[in-house]
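**Student:** What follows is a predicted structure for the sequence shown.
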Amino acid sequence: MTTTDDLTLSVSDLPQSTSDRRIKTFRAIPSPDTLRNELPLTARRALAVQRDRDEIAAILAGHDDRLIVVVGPCSVHDPVAALDYARRLAPLATAYADRLKIVMRVYFEKPRTTVGWKGLINDPGMDETYDVERGLRTARSLLLDIIDLGLPVGTEFLEPTSPQYIADAVAWGAIGARTTESQVHRQLASGLSMPIGFKNGTDGNVQVAVDGVRAAAAPHVFFGVDDFGLGAVVETVGNTDCHIILRGGTRGPNYDDASVADAITGLTKAGLAPKVMVDCSHANSGKDHIRQAEVARELAATIRASRAAGEEPTISGVMLESFLVAGAQSTDAAPLTYGQSVTDKCMAWDPTAEVLAALAQS
Ligand SMILES: O=C[C@H](O)[C@H](O)COP(=O)(O)O
Ligand SMILES: C=C(OP(=O)(O)O)C(=O)O
C-alpha cells in the first residue's frame, strides 16, 4: 500500500515486498474435512477408538491394572510393511488383552535434532518431493487399516495443524522430548481427544514433562485452523488424561527405581497421578535396539516385584521401538530392506514377541 508520505520516495528507493522473502511456495492441500470424508472413520471404527482411549485413560488413572505397551516402528515409511507388522501384533494384543493394553506405534512425523527426513506425512517418497497431500492420505488410510485389525494406534503429534487430518483415528498420542516444553504443543495437547504422554526433555529434565501435563490439563485459546482449513481461534477445555514418559537424557537412562521414584515425587507435588510410562528406547537404551529388550525385562521384573509386595506398580506403560527387521538403514539405501527402520534402530519381531510375553507375565 502506498501512502502520501511514500510519494517523496524515488522509484529506485522503493523496496521489494517485505513479506515472504524466504518462502519459495505455498501449496494448497485438501481441508481436514475433505480428507476425513474421503477416508471416513465410520461408526464402528469410532466406537473402537473411543473404547481404546477410555481403557488407556483408566489405566493411567489407576482404575485398571493392566500395562499399556506402545510398540511399533520408530517411524512409518512403508505402509505395506507397517500393516504387515500390525497383522503380527494384532493376535498378541488379543492374546494378552487381560494383562496388556497393546497400542501400535504408528509415527508419521519425526522431530529431528537438526535436519533429516521428517516422516511420511512430510515426504512420503523420502525423495525430497514433499508430497504432503499424498502423505496425509497414506497416513490416514493406514490408520484405518490398522484399526480394522483391532489394534489401537498411537502417534506423535508434531505439526500443530496436522492432527485435524488424523487425530479422530488415534487412541493415544505423544509430545516428543524436543517439543515437550513448547507452548504450542501443550496447547495442542489441551485440545486433543485422546490421552497424551509428554516425554522428558532430551537433557533428562523430567520437570518440563510434568509442567507439560499440567499445562495441557488447562483450557487454552490459540491460533489454529478449523475443519475446513480456515485460520481460526481455537478454544480448548483442557486434557486431563495426560501423563509423563521417561525416555532418559544426555546424562543417561532414567528408568531405574530411584529415577522413577523422583519422577513420582514430582508428579505428586504437582497434584498429578503417580504413574509413568517408560520408553525403553532412546536414551534409556543408548539407542541400542538389543539393549531395549534388556530394559523391558528389567521393567517387567520391577513391576512383578511391586505386585509381589502388594503394591500398585507406578509404571503404567512401556514403549518399545520395534519393526520386522532389527536395526536401521539410511533413507537412501538402495534397495531398502523391507521392514527395517529408516530412523532409530528397532528391535526385530521375534525379540519383540518375547518381550511382550515377559511383560504379560509381569
Ligand atoms: O525417535 C527418533 C529420533 O530419535 C528423533 O526423531 C531424533 O532423531 P535425530 O537425532 O536422528 O534427528
Ligand atoms: C522422537 C521420539 O522420541 P523422543 O522425543 O523421546 O526423542 C520418538 O519416540 O519417536
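**Tutor:** Looks like it came in fine. Ligands and ions are numbered 1, 2, ... in the order given.
**Student:** how about the residues of the stretch 151-300 of the chain that lie near ligand 2?
**Tutor:** Counting by CB under 6 Å from any ligand atom, the residues of the stretch 151-300 of the chain close to ligand 2 are 156, 176-178, 199, 247, 282. To be clear about C-beta, it is placed using only N, CA and C from the backbone, and glycine gets the same treatment.
**Student:** Using ChimeraX, make a named selection holding only the buried ones among those.
**Tutor:** Filtering these down to the buried ones (16 or more other CB atoms under 10 Å) takes a single ChimeraX command:
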select :156,176,177,199,247,282
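**Student:** Where strands are concerned, which of the residues of the stretch 151-300 of the chain next to ligand 2 count?
**Tutor:** Among these, the members falling in strands (DSSP state E) are 156, 199.
**Student:** Read off the pLDDT value for the residue of the chain found nearest ligand 2.
**Tutor:** Across the chain, no residue is closer to ligand 2 than Gly176, which sits at 3.0 Å (CB to the nearest ligand atom). Listed pLDDT for Gly176 reads 98.
**Student:** And for Val11?
**Tutor:** Val11 is assigned 75 on the pLDDT scale.
**Student:** I'd like to know how far it sits from ligand 1.
**Tutor:** Counting by CB to the nearest ligand atom, to the nearest Å, the separation of Val11 from ligand 1 is 48 Å.
**Student:** So for stretch 273-284, what gets flagged as buried?
**Tutor:** 273, 275-284.
**Student:** got it, and stretch 304-314?
**Tutor:** Residues of stretch 304-314 classed as buried: 313-314 (neighbour count, 16+ other CB under 10 Å).
**Student:** How about residues contacting that stretch?
**Tutor:** Contact partners of stretch 304-314, identified using CB atoms under 8 Å, 6 or more residues apart in numbering, comprise 62, 65, 67, 260-261, 264, 274-276, 302-303, 361-362.
**Student:** So for that stretch, first residue to last residue, what's the gap.
**Tutor:** For stretch 304-314, the first-to-last residue distance is 11 Å (CA to CA, to the nearest Å).
**Student:** What of stretch 140-158?
**Tutor:** Using CA to CA, the two ends of stretch 140-158 sit 16 Å apart.
**Student:** Please list which of the residues of the stretch 151-300 of the chain next to ligand 2 are also close to ligand 1.
**Tutor:** Restricting these to contacts with ligand 1 (CB under 6 Å from any ligand atom) yields His282.
**Student:** count of residues packed around Asn239?
**Tutor:** 25 (other CB atoms under 10 Å).
**Student:** what's the answer for the one 3 residues further on, then?
**Tutor:** Residue neighbour count, defined by other CB under 10 Å, stands at 28 for Cys242.
**Student:** What of Gly72?
**Tutor:** 28.
**Student:** And the one 10 residues further on, by the same measure?
**Tutor:** Counted with other CB under 10 Å, residues neighbouring Ala82 total 26.
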